[in-house]
Structures are given as structure tokens and as C-alpha cells.
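Undergrad: Sequence and predicted structure, then a few things I'm wondering about:
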Amino acid sequence: MSRLRLLHNLSSDVDVSQYIIKFIRKILVQPDKVIKTISDFNEGCLYGKPTTAHYTVRNIVLLKNWQLLTENPDLLHQSSGMELLCYANIADKMDFSWLKENMRGQYIKEVDFIITAGLNSDEFGFLALYKSTTLREDNCNESYTAKTSWKW
């Protein structure tokens, strides 16, 4: 059995309330420091400069004629010149309404593979949406499996 703690089973492994209490105490003791940390994160997300990795991903996507769907809350992929397919809404949840309205069975049939990076589960987000019956409603009961490939 793996000793690696995954996000989806974190609450069963760790008492999350102790971290919430610790955070509240920090807010009460050092409110300015907490506000600055949150403000710096916000500034980085909105106005940060894309890294070489962001530009490399953009170049690969353009070269291969792929689509990039990111669940990152920052705007760095977009700042590198990528087109936005979804966004984080005010509740900090990914808004896949465009995909839900426009992605149909015929498009799913055309998906050769999906590359995921940095995900430890697919219970939420795009992969969960992709696997849902909502997207497959017009697939004529055919089954499509997303294949993961790291081959460029």
C-alpha cells in the first residue's frame, strides 16, 4: 500500500480542523501578513509573467494542433497566448459550461488521447466531466476510453 497521501483521501488521513484553527489564529495574530500573502498570490495569478514552461506548452499545443484545458486558477497559460476554454468562477470552481454546451459525442469520438499532468484523481474537473453521461448522451451507447500518452 502506498504511503503517499492523496488529496481525495486527505480528510481521512489528516484532521483538517487543526489546520483551519491554526489559520484562524494566524489571521487574528498577524492579519496584515495574511492579507499580504493573499494579495501577493492574487497579483501573481492576475499579472504574473509566464515561465518558459508556459511558453513551451503553448508551442507544443500550436505545433500539434491540440487544445489545452487548464484547471489552474492563474492566468499564466492565457498570458502566454493560449486560448481560454474554461475559467474558475467566483466560487473557485472550474466552469465547464462552454464545454457542456458544445462538446458532444461526435467530438468525443475524435479525441485520440488526453494528457493529464499534476492530477492525483479524476473525481472532479475535466476528466470527471469527460467521463460523465452528460457528454455521452448522443454517443449511441458507444463507449470511449480516454488514453493517456506521454509520447510527443
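TA: Right, received. Where do you want to start?
Undergrad: Relative to residue 40, how far out is residue 70?
TA: As judged by CB to CB, to the nearest Å, residue 70 and residue 40 stand 21 Å apart. Quick note: C-beta positions are derived from backbone N, CA and C, even for glycine.
Undergrad: Between the two, point out the one with more neighbours.
TA: Taking other CB atoms under 10 Å, residue 70 and residue 40 do not tie; residue 70 has more neighbours (21 against 10).
Undergrad: right, and the more buried one touches residue 83 too?
TA: No - Residue 70 is beyond contact range of residue 83, at 11.0 Å (criterion: CB atoms under 8 Å).
Undergrad: which element follows the longest helix along the chain toward the C-terminus?
TA: Secondary structure of the chain per DSSP state H: the longest helix is helix 31-47. Next along the chain after helix 31-47, taking DSSP states H and E as the criterion, comes helix 52-64.
Undergrad: Skipping adjacent residues, who's closest to residue 49 in space?
TA: In this structure, residue 49 finds its nearest non-sequential neighbour in residue 79, 7.3 Å apart by CB to CB, 6 or more residues apart in numbering.
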